[in-house]
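> here you go, sequence then predicted model.
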Amino acid sequence: MFVSVIGYVAAAVGSMLMVPQVIRSWRTREVDDLSFGMVWLYVTNCALWLAYGVLSGLPPVWLTNGIALAISLVQLGLKIRYRTVPEVRR
């Protein structure tokens with residue numbers, strides 16, 4: 001029972017990892033200090049774990065990573081929407 005509780009708490013924390021950044025990006029509309037690479041890696045990680053959970057028939061794995069994927073896609077959308085395009089120097 002104790003091991004399961006630790007697993008579920010870890011899954012919940014892992015799923016919510018990006019939430020503080022999403023809230024900050026949403027409120028401030030500032031995303032220049034956020035790496036595209038990090039967001040893409042997080043999206044890819046969640047998508048792969050989601051696929052693994054679905055293919056392995058592990059509902060806790062696909063459920064938590066499905067939630068995390070949705071959150072990370074929101075962050076990716078915010079990064080794209082609020083990014084500043086650098087000026088072209090001549």
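That came through fine. For clarity, every value in this text was computed on a predicted model and none was experimentally measured.
> tell me which residues of the helix or strand of the chain with the lowest mean pLDDT come out buried.
Sorted by mean pLDDT, DSSP states H and E, the helices and strands of the chain end with helix 2-15, the least confident at a mean of 86. For helix 2-15, burial by neighbour count (16 or more other C-beta atoms under 10 Å) applies to 11, 14-15. Heads up, the C-betas are built off the backbone N, CA and C, glycines and all.
> spatially central residue in the chain, please.
When C-alpha atoms, centre = their mean is applied to the chain, the residue found nearest the centroid is S72 (2.8 Å).
> what's the separation between that residue and L17?
9 Å (C-beta to C-beta, to the nearest Å).
> overlap in contacts, these two.
Y42 (C-beta atoms under 8 Å, 6 or more residues apart in numbering).
> before we move on, back to that, mind giving me the packing neighbours of the host helix or strand of the residue nearest to the centre of the chain?
S72 belongs to helix 59-82 when assigned by DSSP states H and E. In terms of contacts (3 or more C-beta pairs under 8 Å, 6 or more residues apart in numbering; DSSP states H and E), helix 59-82 is packed against helix 2-15, helix 19-28, helix 36-56.
> quick one, that helix and helix 2-15 angle?
Orientation of helix 59-82 against helix 2-15 (axes from the mean of the first three to the mean of the last three C-alpha atoms, to 10 degrees) gives an angle of 20 degrees.
> now do helix 59-82, average pLDDT.
Mean pLDDT, helix 59-82: 94.
> may I see the buried residues of that helix?
Here helix 59-82 shows 61-62, 64-69, 71-73, 75-76, 78-79 as buried, counting by 16+ other C-beta under 10 Å.
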